[in-house]
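Undergrad: got a sequence here, can you build the structure:
(one chain, ligands or ions: 2)
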Amino acid sequence: MQRRSFDIMPRSYNVAQVNRQNTLEEESQLSSEEIPSWKSHLYFVQKRAPKPQRVVCTKVFEKRPSYYGKEYHGLIPRDEAERLVMRCEGCFLTRERQKEIGTYALTFRINNEAKHYRLYYDEQEKQHFVGEKRFDTVHDLVEDGLITMYVEYNEKDYISQMTLFRKSREIQNQDNYYSHTDGDSKLEVDNNDNYRKPSGSRLIQNSFKASECEKKHNFQIHSFPMSYWCNWCHDFIWGLKNNGYLCTDCSFECHKQCRDDIPPTCSPDKKRVKKIFEVDLTTLIKAHDLRRPEVVDRCVHEIETRGLQMEGIYRIPGFADDITDLKNTIDKDGVVPNISEEIVTDINVICGLFKLYLRNLPIPIIPFDLYDRFIESAKLTERLDIIKSLSEAVKSLPPAHYETLKYTCRHLQRVSKFKEKNLMTPENLGIVFGPTLMRAPDHLALEAVGYIPYQKKIVQFLIEEQDVIFEK
Ligand SMILES: [Zn+2]
Ligand SMILES: [Zn+2]
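TA: Ligands and ions are numbered 1, 2, ... in the order given. Presented below is the predicted three-dimensional model:
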C-alpha cells in the first residue's frame, strides 16, 4: 500500500485516494514500508499548458450545425483557419471542410503550429471526437488535446527518462519477486491433503502463498479527470480523458506509457471480485487468500464423506435446476453455503456443481497455452515417457492451477479406489473429466474432436500416477 506525499494536494487525492488507503491496519503497514514520493513536475507542466480560447465568428449562417457554437466559421479555407488561430496558443475554431461539403474540421494552435483535424459528432451520444476519445463539448476536446500535446511535446526527454527509470525498477522488482525464501504459510491445509513442501526451483514448490502468485493486472482504459499519479513510476498522469489505465481487480492506476512494463503482481481486492464462478482461478485465490477455491474443497469434502461408494458417481448427472440455484447462491453471497446431506440430499448435484465450476473457468485448469504440450505428452507410447512428460508439463502450470489440479487428481484417485462399488475407473473418470479440465484453444478447435481420446488419457494418467506426476 502506498501513500502519496507531495507539496500540492489535488482534490481527487482527498476524495478518491485517502479514503481507500487510510484504514488503521494499513497505516501500521505503511510505517515499515518505503513511502514513494509522488512526482509533481508533470502536474505543473500540465498547469502551464495553454487554455482553449475560441476564435469567435459573428457571421450569421443560413445553415449551420446546431452542435457548434460561436467558434464555428462556416466554409473557410484551411489557410484562413490557420491564420485565425495563430493569434495565440490554444486558439481554436470549427469550420466546414472545403474538400467535402457537409463534413467539419477543427483547427487549433499548439506549440506554435496550427493543427487540423476532421471533426465528428455522434448524434445519438451527443459527443464530439477526432479520434477514440469522446467529449461533450468541443472546448473539452481541445482542452484535452492541448494538455496532451503540450506535455508530450515539451517534456519528451523527461517522459523518456520515465521509461529508463521503470526499466531498471522492473528488473529490481523481478529480482525481489523470485528471491523470496520459505516462510510460514498463513494458509490452512486441508486434513485430507498431505501437502508437503516439494523440493524444486519453482515458486510454487516453495511455500505456497496465494499473495505471491503471479497475476496480470486487468487493465481498462480510464479517464483520470483531475489529479492522479501513476502507481508504477509515481509521476503525474496528465491529460483529461482516457489518459491512463485502471486495473479493475485491484485499482492500480498507471500511465498508458507504463502499462506494458508492469510485472504480473496484481493483488485483487475481494470487494472488486464479487463472483466465484467464471472468475479466473489465480484472481480468485489471490482475492480470497486461499490455496484453492473454497467451492473445490467443500465439494470434494462432501463427495468423499458420502459419495465414494455411490454407483456412477460423477457420471450420473444431478438435477440441473438445483445445480444452477446453488451456483447462483454462491455467486451472490461470495461464499459456499451449507451443502451437507440434510440440505443438499442428492450427491450428484454436488458433483455437478464441482464439474460446472471447473468447466466455467475462463482459463481451464490446464490452460490454453499448455494444451498442446499436454496433448503431445499423451501422444507418446511408452508409459514411462508419458509420466515423465506429464510431470514436466505440470511444472509449467501457474501455481493456482497446479494446486487445484493436484488436489482434484488426488480426490479422483480416491474415487477410483472404490471402483468395485462406484464403477468409476480412472479411465471412466478420464472420459468425464477430460473436457472439464482441458479445452482446446481456438486455433486448435478443428483438431479438437480428434484430441478427445488424448484428453481422456491425460486425465487417466494424472489420476493413476498423481503421486509421481505431482511432486510431494
Ligand atoms: Zn491489478
Ligand atoms: Zn507511469
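Undergrad: which SSE is the residue in the stretch 51-200 of the chain positioned nearest to ligand 2 in?
TA: Going by CB to the ion, ligand 2 is nearest to residue 162 of the stretch 51-200 of the chain, at 6.1 Å. Heads up, the C-betas are built off the backbone N, CA and C, glycines and all. In the assignment (DSSP states H and E), residue 162 maps to helix 156-178.
Undergrad: most centrally placed residue in this protein?
TA: The centroid of the chain falls nearest to residue 218 when counting by CA atoms, centre = their mean (2.1 Å).
Undergrad: list the contacts for that residue?
TA: Residue 218 sits next to 247-249, 266, 283 when contact means CB atoms under 8 Å, 6 or more residues apart in numbering.
Undergrad: hmm, residue 290 is touching residue 210, no?
TA: Yes. With contact defined as CB atoms under 8 Å, residue 290 counts as touching residue 210 (5.9 Å).
Undergrad: tell me which of the two has more neighbours.
TA: residue 210 (23 against 18; other CB atoms under 10 Å).
Undergrad: up against ligand 1, what does the chain have?
TA: Neighbours of ligand 1 within the chain, by CB under 5 Å from the ion: 217, 247, 249-250, 252, 266.
Undergrad: cutoff 8 Å now
TA: Applying CB under 8 Å from the ion, we find that the chain lies next to ligand 1 at 215-219, 247-252, 266-268.
Undergrad: just the buried residues of these.
TA: By neighbour count, with 16 or more other CB atoms under 10 Å, the residues of the chain next to ligand 1 hold 215, 217-219, 247-252, 266-268 as buried.
Undergrad: in CSV: these, plus distance to ligand 2 and pLDDT.
TA: Shown next, in CSV, are these (distance: CB to the ion, whole Å; pLDDT from 0 to 100):
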residue, distance to ligand 2, pLDDT
215, 20, 90
217, 13, 94
218, 18, 92
219, 12, 95
247, 13, 94
248, 18, 91
249, 19, 91
250, 16, 92
251, 15, 90
252, 11, 93
266, 16, 92
267, 18, 90
268, 21, 90
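Undergrad: mind putting the residues you listed into TSV with secondary structure?
TA: Formatted as TSV, those follow (DSSP: H, G, I helix; E, B strand; the rest coil):
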residue	secondary structure
215	strand
217	coil
218	coil
219	strand
247	strand
248	coil
249	coil
250	coil
251	coil
252	coil
266	coil
267	coil
268	coil
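Undergrad: quick one: which of those residues is nearest to residue 386?
TA: Using CB to CB, residue 215 comes nearest to residue 386 of these, at 30.9 Å.
Undergrad: partner residues bridging the closest one?
TA: In this entry, residue 215 is beta-bridged to residue 265, by DSSP bridges.
Undergrad: wait, it sits on residue 263?
TA: No. Using CB under 8 Å as the test, residue 215 is too far from residue 263 to be in contact (10.1 Å).
Undergrad: what about residue 150, which helix or strand?
TA: Assigning secondary structure by DSSP H and E places residue 150 in helix 138-154.
Undergrad: is ligand 2 within reach of that helix?
TA: No. Contact of helix 138-154 with ligand 2 (CB under 8 Å from the ion) is absent, the minimum separation being 12.9 Å.
Undergrad: would you mark the buried spots in that helix?
TA: 138-151.
Undergrad: ok, and the closest non-adjacent residue to residue 429?
TA: Nearest in space to residue 429, with sequence neighbours left out and distances taken as CB to CB, 6 or more residues apart in numbering, is residue 412 at 5.2 Å.
Undergrad: from residue 432, how far out is that neighbour?
TA: For residue 412, the distance to residue 432 equals 9 Å [CB to CB, to the nearest Å].
Undergrad: which one's more surrounded, these two?
TA: Counting neighbours by other CB under 10 Å for residue 412 and for residue 432 shows that residue 412 has the greater number, 25 against 18.
Undergrad: name the helix or strand for that one, please.
TA: Applying DSSP H and E, one finds residue 412 within helix 399-417.
Undergrad: buried residues, that helix. List them.
TA: Buried residues in helix 399-417, counted by 16+ other CB under 10 Å: 399-413, 415-416.
Undergrad: packing partners for that helix?
TA: Where contact means 3 or more CB pairs under 8 Å, 6 or more residues apart in numbering; DSSP states H and E, helix 399-417 is packed against helix 281-288, helix 294-306, helix 383-395, helix 426-437, helix 448-464, helix 466-469.
Undergrad: angle of the fourth one against helix 399-417?
TA: Translated: helix 426-437. Put simply, helix 426-437 runs at 150 degrees to helix 399-417, going by axes from the mean of the first three to the mean of the last three CA atoms, to 10 degrees.
Undergrad: using PDB, write out every CA atom in helix 426-437.
TA: Taking C-alpha atoms only, helix 426-437 is exported to PDB below (Å, rounded to 0.1, in the frame of the first residue of the first chain):
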ATOM      1  CA  PRO A 426      -9.600 -43.900 -13.800                       C
ATOM      2  CA  GLU A 427     -10.500 -44.400 -17.500                       C
ATOM      3  CA  ASN A 428     -14.200 -43.600 -16.800                       C
ATOM      4  CA  LEU A 429     -13.200 -40.600 -14.800                       C
ATOM      5  CA  GLY A 430     -10.900 -39.600 -17.700                       C
ATOM      6  CA  ILE A 431     -13.900 -39.600 -20.000                       C
ATOM      7  CA  VAL A 432     -15.900 -37.400 -17.600                       C
ATOM      8  CA  PHE A 433     -13.100 -35.000 -16.600                       C
ATOM      9  CA  GLY A 434     -11.200 -34.700 -19.900                       C
ATOM     10  CA  PRO A 435     -13.300 -31.900 -21.300                       C
ATOM     11  CA  THR A 436     -13.800 -30.400 -17.800                       C
ATOM     12  CA  LEU A 437     -10.100 -30.000 -17.100                       C
END
